[in-house]
Every structure is written in C-alpha cells, then in structure tokens.
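Participant: Next come a sequence and a model predicted from it.
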Amino acid sequence: MSDIKRDLLSIDDFEDELSDIIEWAIRYKNDDGFADDFKPLDGMSIGSIYEKPSTRTRVSFEVGVRKLGGQPLTLLSNDIQLGKSESIADTAAVLSRFLDGITYRCFGHADVAELAKHASVPVINALSDMHHPCQAAADLMTVTERGDSVKGHIAWVGDGNNVLHDLMLAGVSLGHDIKYATPEGYEPDSEVVSRASSIAERTGASIVGTNDPIEAVSGAGVVYTDVFVSMGEENIDGKFADFNGFQVNEELVSHAHPDYLFMHCLPAHRGEEVTDGVVDSANSVVFDQAENRMWAQMSLLTMMCNRAAWDTYLELS
Ligand code: CP
Ligand code: NVA
C-alpha cells in the first residue's frame, strides 16, 4: 500500500501524472525482459465491484492484477450485500480490512465518491454515469503510442457522456485540441467542461463544442464515438431518435485527415453510432484501445498501491 491513499474518480485526479502513467504503460507493454519479474502487487488483493455489465474492464483488471502478482476478486452486485442490506460506507470499511485496492463500476457517480470517502485503500472508478477515467488513460495511451503520426485534433461525435468527459479532460491535459459535436440538449456536463477549460488554459489546448458533426470532424486526427444510449439510460424515451445525423460513417470521416484514427471505447452498436465500414477500416484502432485498458490500468494500480515500485520502474526502464 502507498503511504498516502489516492483515489481515481475522474482522470483529472491524476492530471499531473498522466503523461508518466502513459509512459510507464507503454514501456511496460513493450518490455519483454524485466516486466515478467516485476510483481509490485505481490501479496495484495484487488476487489472489483460491478453494478453494470462489463467485458473489457472486468477482464483487463483480472488479468492485469494477476500479471502484477496480485489476486483479483470480482464482486458482482447480485452476489454481495451492497445495495441490498449494506450501505456503501459499511461496505467500504469492511472491504478495506481485506483488500489493498477497490475498483467500482456504478450507476450514480456519487456512489463511487462515497465508497472512496469511506475506504482506507485506493478506489478506482471503473465507470460511473459521469466519468470513465480508465478508458481515457487507455485512449490517450493509444494516441501517444502513435506519436507524431496523429495529425489534427481529437473529434467526438455523439452523446456528451461519461466517456467524452474523461477523454476531454485527459486530451487537453496532454495538449490535444478537442472538438465535440452533440445534438442539442446532449452537450457534456458544464462543470466538467469548465474543469477541462481550466486545464486547457494551462496546456495551450483548445475546446470547441458544436451541434454540427462535419464541423467537429473536419481535419481531425482522431474521430471518436460511443453508443448513443449508455447503460442505465435504456428507458429514456426518444433519446436514440435525437441522434439522427450523428452516425460516424464513410461520408462523415471523409472530412477527417486521411490518416485519422477511428476510436470507440466499445462495445460498439454497429449500424447505429458507427458503420461496419468505419469500425473495420484500416484507420480503426478500437482493439488497441481495448488491449491498452490492461496496460494503462496496470500502471495506475502500481502507482496507487505501490508508488515506490512504480517510481523505480519508471526510472529504470
Ligand atoms: N469500454 C468498456 O468499459 O467496456 P466494458 O463495458 O466491456 O468494460
Ligand atoms: N457510455 C457507455 C460506455 C460503455 C463502456 C456507457 O456508460 O454505457
């Protein structure tokens, strides 16, 4: 355990360390020597609570924790007392007696904040309705891996949702310009935009919001989209219909830089927010993003649970 407990609720919690977190992850991913013997979570147990389904997050945490020498425990909401007969505060206190770190995928963002407040071990937000910081770390790792070949800004087309929030915060932290296009009424949260704007002022990046997908995508080095209806929103009447004209298809991406990267956090609803032709194109890096979830989270877990080992690896490698 690190001396000072830190939690990751949104990616700007680690704004100052983000480029090192990504550098660590890229080096570790490509290190076929030292990495096999590097077990910074030896003797530690990391528990992951899921109130919503997951493929990438669950598997990447389970495999990543194991690679680092730790024991992963997956705690599905139907199988534990949380939300039924036990409060978040009591759950946090109990789990802190057993575990060295907790990840939590929840509905309302206040719930992961509450868990972090009452846990004495580091807590990682594994997706809430407002933020998806692990996704953003992997996404910026994916962009950073390509170095100078990414020409142009990061464009978002679709819902102003949890994935956009952390993509924007992380993107401007690393100096990327962001242009997002959402339908009217589906803009990102104004408080998050304000936080991102403050970061952008410091890094010299820019943020532009529009309701015109072509304006956002024109000249873009990255075109990113996500589902129009997120988990937990399935019963919002008419939401899907409001996204008419926001599909990322061959015509829309013809306005991007020819070497643009297509990005999506997945799962993709093919034929809805993106066409097969775009998601399966040579420009698509969606499966690199999925793999990088594991490497980026390994960097985060090591930094949060064993800072000395994280610092040492960064200096050595
Ligand atoms: N991108 C992402 O978080 O995927 P899962 O819902 O499968 O974890
Ligand atoms: N915005 C989506 C992301 C899924 C990984 C959701 O919250 O359901």
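Facilitator: Sure thing, it's come through. Ligands and ions are numbered 1, 2, ... in the order given.
Participant: wait, what's in contact with S96?
Facilitator: Residues in contact with S96 (CB atoms under 8 Å, 6 or more residues apart in numbering) are I102, A119, S120, V121. In short, each C-beta sits where N, CA and C put it, glycine included.
Participant: Excluding chain neighbours, what is closest to the last one?
Facilitator: I take that to be V121. Spatially, and ignoring its direct neighbours in sequence, V121 is nearest to S96 (5.0 Å; CB to CB, 6 or more residues apart in numbering).
Participant: By the neighbour-count criterion, which of the contacts of S96 qualify as buried?
Facilitator: Neighbour-count burial (16 or more other CB atoms under 10 Å) applied to the contacts of S96 gives I102, A119, V121.
Participant: Model confidence at the second one, what's the number?
Facilitator: I take that to be A119. Listed pLDDT for A119 reads 98.
Participant: Excluding chain neighbours, what is closest to it?
Facilitator: A92 (4.0 Å).
Participant: Tell me if the one you found really is in a helix.
Facilitator: Yes - per DSSP: H, G, I helix; E, B strand; the rest coil, A92 lies within a helix segment.
Participant: and it, how many residues sit next to it?
Facilitator: When neighbours are counted by other CB atoms under 10 Å, A92 registers 21.
Participant: Am I right that it is in contact with A113?
Facilitator: No - with contacts counted by CB atoms under 8 Å, A92 stays clear of A113, the gap being 11.0 Å.
Participant: need the residues of the stretch 1-150 of the chain near ligand 2, please.
Facilitator: By CB under 6 Å from any ligand atom, the residues of the stretch 1-150 of the chain that approach ligand 2 are L127.
Participant: Could you rerun that using 8 Å?
Facilitator: K52, S54, R56, T57, L127, D129, H132, Q135 (CB under 8 Å from any ligand atom).
Participant: about what we covered before: can I get the buried ones among the contacts of S96 in JSON lines with distance to Q81 and secondary structure?
Facilitator: Compiled in JSON lines, these are given as follows (distance: CB to CB, whole Å; DSSP: H, G, I helix; E, B strand; the rest coil):
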{"residue": "I102", "distance to Q81": "15", "secondary structure": "strand"}
{"residue": "A119", "distance to Q81": "16", "secondary structure": "coil"}
{"residue": "V121", "distance to Q81": "18", "secondary structure": "coil"}
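Participant: okay, the residue nearest to A119: pLDDT?
Facilitator: At A92, pLDDT is 98.
Participant: Over to L99?
Facilitator: pLDDT for L99: 98.
Participant: Report the contact partners of it.
Facilitator: By CB under 8 Å, 6+ apart, L99 lies in contact with S45, I46, G47, L73, V121.
Participant: what's around the second one, how many residues?
Facilitator: Using other CB under 10 Å, I46 has 28 other residues around it.
Participant: wait, D13 sits on D7?
Facilitator: Yes - with contacts counted by CB under 8 Å, D13 reaches D7, the gap being 6.8 Å.
Participant: This structure: strands as residue ranges?
Facilitator: Shown for the chain, the strands assigned by DSSP state E span residues 45-50, 71-76, 101-105, 123-125, 154-157, 178-181, 207-210, 222-225, 261-264.
Participant: most tightly surrounded among those strands?
Facilitator: Of those, the one with the most neighbours on average (mean count of other CB atoms under 10 Å) is strand 154-157, at a mean of 30.
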